[in-house]
Structure formats: C-alpha cells, structure tokens
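[1] predicted model, plus sequence, below.
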Amino acid sequence: MPNMRRAKIVATLGPSSDSEASIEALLNAGADVFRLNFSHGTHEQHALRMARIRAVERRVGRPIGVLQDLQGPKLRIGVFQAGPVTLKAGDGFRLSLAPVIGDQNGVQMPHPEIFKALVPGTDLLINDGKVRLRVVDCSDEHAQTTVVAGGVVSDRKGVNVPQVVLPLSALTEKDRLDLQVGLDMGVDWVALSFVQRPEDMAELRSLVQGRAGVLAKIEKPSALESLDQIVALSDAIMVARGDLGVELPAQRVPRIQKEIIRVCREQGRPVIVATQMLESMIEAPVPTRAEASDVATAVYDGADAVMLSAESASGAYPVEAVSMMNSIINEVELDPAAKSGRVLAGHESGRSVSDVVCRALRVAADELPLASVVTYTRSGASSVRASRERPNAPILSVTPDLGVARRLCLAWGVRSVHSAKSLEQVPDIVDNACQLARQVGLAAVGDLVAVAAGTSFGTVGSTNYLHIAKA
C-alpha cells in the first residue's frame, strides 16, 4: 500500500538536492511537489532541474508537481565606503535617492517608490528587521531617520516598509522574464512574492492565461487587509512566514497563520505553510522539538501542505528533512483530534451540483468503510472541492489532462492519476474507477469505493452523480 499521508510536502531544489538521484530520493522520502526558487540560480540551472524532475516522473510513473517561485520586488540599500557600519539607538541616519556612497551618517536607497510613499513616523526595517529606522523628515528624494533599534548594516541589505502599500507591481521585469521561462518549461504552479493587493494576482493570472495554477505568497501586512479577495483570485496560497515575521511582530504570526488557513479552507483553496519549519536540519540530522511541533501545528490547523526551503535546497540533510516531515505528518494524522478538526462546521462549501456531490462524498466516507473516493475531473475543480471536504478516505483523482494531474499533487489527500481513456457510460466509469483504485493500491478486491463523476467524462463542470461500488 502507498503512503496514506494526506497533507503534502513541498521540497525546494538546490545545490544539495538537484541531481536526478537526489530528486528521486526526495520523492521516495515523501516529497509531492518540487519548488524552483527563481531568487537563486540561472535559467539554465532551473531548466536542468525541470528536465531531471520529468525524467524521474517518467520512471516512477506518477505525476509530480513543480512550483516556480518568483523573486518579486527586492528592495535594498546601496553600498558603504568602508565596510559595515554599526548604528546605535538615537543616531540620525539619512537615506538618499542620489547615488551616494554610504557611511555612518547615511546611505543610498535607490527606490523612488519608497520615498514617494513615506511620511514622518513611518518605520523602515533593514537587514531582515534587525535594524529599525523611523522617518522624521522626508521628500521624494530623501528621508532623515532616527535609529530606533540599532545594529550592523552592510552593503545591499534588504529594506522592508511594513506600514505602507508601495506604488509598485509585485511583478518586476526580472519576474516577467522568469515567468515566461517557467511557463515555457512547463511549471505547474507560479508563486508571486510580496503580494500587496488583489490587483497583483489579477495581473499574474492575466499573464499566465491558465497555463499553470497561480499562488499568492502572503508576506506583506497590506495583503492581510484584502485577504479574502486575494484568496478568491488565487488558485492556492502560501503563508510565507519569513518576510511576514519581519514586517509584523513575531507574536502575531501564529494567529495570522491560523487566520490565513481558515480563509483558504472556507474558500476551498489549497494552502502551504512555509519558512523555517525544520531550520536546524540545514546543519543537523534531527530537528528541534519546537520545529517538530511547528510542522504538527500546521497540519492540525488544516494546511494542505508544508514546505522545506534551505533544509532541502542547500542543507546537509535534504532527504532526512523530507523523511522527518513525512514522519511528523503521519504521526499527527493518526490522532483522532486531527480527524475531528478537519470539517468546517457551519460553513457551506457552495450550492452547485458539484459542491453537493463532493459534500456527499465526505458523508459517505464518514458513514461507510470506504477504501477510497474517486473523482473524475477535467479542470481539477471537483478534486479540489473533494479535498476541501477532508473525507476520511483518500481521494483518487482521475483526469485526462496531465498538467491538471501534476497541479493536484498540492491538494490535501489527493492521489492524482492521468488517464486519457474515453468513458461515456456510467458502468464503464465505475469499473474504470475501481480498477484504478486497485492498481494504485488504494483499494483491494471487494472494498467499497465511492465514485464522483459526470455523465460526460472530461467535460468541465459536469460532475453530477455519486456511485458506491465494490472494487
């Protein structure tokens, strides 16, 4: 029998893990989706990684999802004449649009959009929030600040402006080029960094044009103000706790994580929890107890997936990190409390025929000893709906579209199968569902299987019946 784990694992590829043998080892350890981080590496390196993923996919005979993570607008200060400077609380420090060389008194910040958005009292965070500056006077070309929290500042450190919606697109020119490269390579998901407003996701969707799923990374406080709309315009969401934890007080991040997951669950969008999940495993073969609890909490909260970044990309123990995450998820999913917390009490998931059929799948899995539920889907929508309902039985998703099969690797509880077989009659669809469930190890002869499909297999939006059969 295959691994029956329902929550998924996203593993980032990098120097420690991008050989074909490593990719297959990560897959065997539990990875479901591979992330290509376009903040690092060349187009040629990412194309080679993609080719290796697809070679592994052909060899193992099951779909593998690939997520392209766009860098987004990275805001940075300039350079210093004599190396790093140490700022102390109470010091004055000037940020200038002009190309000045930095010293103890100030440095260039080559971002006119930041200066245009500043007002006295605005805070700016440097070097992942380690240094905090407060604006006391500003114009379109400079900002005089006072150091609130001091520390060391060096060349080209990042700048965060947590209290301000900046007048810039989440898609830079680099992102647009990277996006085209990724789509040409055949990525299944595109993640947009530093989303501030719903318009950012609308712009990405117009560029992608259905060639991949679009995913919003929630890491800006301004995104939280329009969270419902951003989720509605996205196919999936990532709780990107790195920059979110820089721009917001650390104590707020757990509550916000739960809120983002709740909204995604209500709207039926897959949600990934990311950043520092098993951070110590970059250098150690085992995680801390707190990290294990962090992964477990995300699963208890209802996340569809959890993600490894440097742990699998550049760490010393990439396979062990995936294996550990797999073990933690399996342990949580044995807990009856995890099962009882899956259903969204008191919230309707929609009133279409497909919504009702998918709710009935959950009820059937609650009341009957189903070995699996099988969903036939063209766009993936029916399988995502079934995933949202969190049935007790694993979901076998059957689709004639290989891209959709790969995309569904991110959805909770879904085992995705690509099948181009033409099916017209209900008996043929049911027989095929039972055969596939047996083939992939989700049912044995005589087991009960629930089948949700439409009378025209492969037609978008046609899901209209539920059939209980013996495999």
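    Great, that's in hand. Please read all numbers here as calculations on a predicted model, not as lab measurements. Residues are numbered from 1 along each chain as shown.
[2] what's next to the helix or strand harbouring residue 300, contact-wise?
    Following DSSP states H and E, one finds residue 300 within helix 289-301. Outside of helix 289-301, the residues that reach it under the criterion Cβ atoms under 8 Å, 6 or more residues apart in numbering are 7, 254, 257-258, 261, 273, 276-281, 306, 324-325, 328-329, 331-333, 337-338, 341. (Each C-beta comes from the backbone N, C-alpha and C, glycine too.)
[3] quick one, helices of the stretch 301-450 of the chain?
    Under the criterion DSSP state H, counting those that start in this stretch, the stretch 301-450 of the chain contains helices at 310-313, 318-333, 336-340, 353-367, 381-389, 402-407, 426-439.
[4] setting the sequence-adjacent residues aside, check what's closest to residue 192.
    residue 204 (5.0 Å; Cβ to Cβ, 6 or more residues apart in numbering).
[5] that's a helix at that neighbour, yeah?
    Yes: with DSSP: H, G, I helix; E, B strand; the rest coil as the criterion, residue 204 is assigned to a helix.
[6] show the pLDDT at residue 165.
    Per-residue confidence at residue 165 stands at 87 (pLDDT).
[7] circling back: which among the contacts of helix 289-301 count as buried?
    Neighbour counting with 16 or more other Cβ atoms under 10 Å marks 7, 257-258, 261, 273, 277-281, 306, 324-325, 328-329, 332-333, 338 as buried within the contacts of helix 289-301.
[8] end-to-end on stretch 343-355?
    Start to finish, the residues bounding stretch 343-355 are 15 Å apart (Cα to Cα, to the nearest Å).
[9] also stretch 85-103?
    The stretch stretch 85-103 measures 7 Å between its terminal residues, going by Cα to Cα.
[10] so how far is it off the chain centroid?
    On the basis of Cα atoms, centre = their mean, to the nearest Å, the separation between the geometric centre of stretch 85-103 and that of its chain is 36 Å.
[11] so what touches it?
    For stretch 85-103, the surrounding residues in contact (Cβ under 8 Å, 6+ apart) are 77-82, 104-112, 115, 124, 131, 133, 140-155.
[12] from those, which land in strands?
    Using DSSP state E, the members of the contacts of stretch 85-103 that fall within strands are 106-108, 124, 131, 133, 142-149, 151-153.
[13] of these, just the buried ones, PyMOL syntax please.
    Entered in PyMOL, the line below selects the buried ones among the ones in strands among the contacts of stretch 85-103, by 16+ other Cβ under 10 Å:
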select buried, resi 106+107+108+124+131+133+142+143+144+145+147+149+151+153
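[14] what's next to the longest helix seen in the chain, contact-wise?
    Taking residue count as the measure and DSSP state H as the definition, the longest helix of the chain comes out as helix 43-60. Taking contacts as Cβ under 8 Å, 6+ apart, the residues outside helix 43-60 that touch it are 13, 18-20, 23-24, 27, 34, 36, 38, 63-64, 66, 178, 181-182, 185-187.
[15] dump the helix or strand following it to CSV, restricted to CA.
    Downstream of helix 43-60, the next assigned helix or strand under DSSP H and E is strand 65-69. In CSV, the C-alpha atoms belonging to strand 65-69 read as follows (Å, rounded to 0.1, in the frame of the first residue of the first chain):
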residue,chain,number,x,y,z
GLY,A,65,4.1,18.9,-9.3
VAL,A,66,6.6,21.7,-9.9
LEU,A,67,6.2,25.2,-8.3
GLN,A,68,8.0,28.2,-9.7
ASP,A,69,8.6,30.8,-7.0
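[16] name the residues that touch the helix or strand of the chain with the lowest mean pLDDT?
    With mean pLDDT, DSSP states H and E as the measure, the helix or strand of the chain carrying the lowest mean pLDDT is helix 336-340 (a mean of 82). For helix 336-340, contacts defined as Cβ under 8 Å, 6+ apart pick out 299, 300, 332, 333, 392.
[17] okay, the third one: pLDDT?
    Looking at residue 332, its pLDDT stands at 96.
[18] restricted to helices, list the contacts of helix 43-60.
    Among the contacts of helix 43-60, the members that lie in helices (by DSSP H) are 20, 23, 24, 27, 178, 181, 182, 185.
[19] any idea which of those residues has the most stuff around it?
    Ranked by neighbour count under the definition other Cβ atoms under 10 Å, the ones in helices among the contacts of helix 43-60 are headed by residue 182 with 28 neighbours.
[20] can you count the residues close to the residue lying closest to residue 332 once chain neighbours are set aside?
    With sequence-adjacent residues excluded and distances taken as Cβ to Cβ, 6+ apart, residue 332 is closest to residue 299, at 4.5 Å. When neighbours are counted by other Cβ under 10 Å, residue 299 registers 26.
[21] and residue 183, by the same measure?
    Residue 183, neighbours per other Cβ under 10 Å, totals 16.
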